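In: Following is a predicted model, sequence given first.
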Amino acid sequence: MIIKSSDPGCLNILTRILGEGGVAILKCDTIYGFVGIVPETEARISSIKGRKKGKPYVQLLGEPGWIRHYSDIVLSPRIAALWPGPLTLIIPLKEGGTLGVRVPDDTFLINILTTIQKPIYSTSVNREGQEPLNNINDIVSEFEDEVDIIVDSGNSIETIASTILDLTSKPYQVIRSGKLIIPRELLL
């Protein structure tokens with residue numbers, strides 16, 4: 001199914017499909033992405049992308065407070081002020097390991113998250129090892145038969161993904177430079 005993001009029923013249809021365990025493609029706050037509810041859709045998204053098991057996906061959170069469900073980390077006010085936005089934080093998990101999380105700066109995504117009250121995976125629309133797709137016609141041609149819904153927001157002019165900042169040890173490390181420039185003093 002393809003639906004325009006401007007369709008008045010888009011949010012309701014999308015949240016229903018996601019709530020039923022569906023996988024969608026929609027424009028996220030940076031680039032188009034595959035999205036699905038955590039953890040139910042991980043295997044299906046990996047299958048569509050051709051991604052090997054064990055490589056985790058970023059999880060989008062509805063608000064910064066959701067981080068407490070995963071980690072005991074307390075964000076400094078200066079880092080917390082960078083959310084919502086195109087910043088993925090790698091955080092230590094309570095039970096060990098790490099997780100990448102982001103609070104998107106996108107009203108539509110926040111509405112999805114607050115409606116379903118669960119985090120969703122977000123990963124670029126591409127096959128593993130290929131460049132992310134930003135042209136809606138290319139996205140539809142490549143993936144229409146493999147996902148449950150594509151939300152058409154037109155071609156994405158944004159080609160820069162989120163910045164990834166690792167908070168698991170000090171000094172903090174920028175893992176991927178992206179849309180947000182991290183001031184050097186925040187790394188120390």
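Out: Sure, I can see it.
In: Mean confidence (pLDDT) on stretch 82-96, please.
Out: When pLDDT is averaged over stretch 82-96, the result is 94.
In: now do the same end-to-end measure for that stretch.
Out: Counting by CA to CA, to the nearest Å, the length from the leading to the trailing residue of stretch 82-96 is 25 Å.
In: go on, stretch 53-65?
Out: Chord length of stretch 53-65, first to last residue, is 29 Å (CA to CA).
In: Buried residues in it, which are they?
Out: Of the residues in stretch 53-65, those buried under the neighbour-count criterion (16 or more other CB atoms under 10 Å) are 57, 58, 59, 60, 61, 62, 64. Yep, even glycine has a C-beta here, placed from its N, CA and C like the rest.
In: Kindly report the same for stretch 69-78.
Out: By 16+ other CB under 10 Å, the buried positions in stretch 69-78 come out as 70, 71, 73, 75.
In: Now intersect the buried residues of stretch 53-65 with the helices, please.
Out: In helices, judged by DSSP state H, none of these are found.
In: mind listing the strands for this protein?
Out: Taking DSSP state E as the test, the strands found in the chain are 2-4, 24-27, 32-37, 58-60, 87-92, 98-102, 120-124, 149-152, 163-166, 173-176.
In: Would you mind saying which of those lies nearest residue 186?
Out: Of all these, the one in closest proximity to residue 186, counting by CB to CB, is strand 163-166 (8.3 Å).
In: pLDDT (mean, whole number) over the closest one?
Out: In this model, strand 163-166 has a mean pLDDT of 94.
In: ok, and what's touching it?
Out: 79, 86-90, 98, 100, 172-182 (CB atoms under 8 Å, 6 or more residues apart in numbering).
In: Direction included, what does it pair against?
Out: Under the criterion DSSP bridges, strand 163-166 sits next to strand 87-92 (parallel), strand 173-176 (antiparallel) in its sheet.
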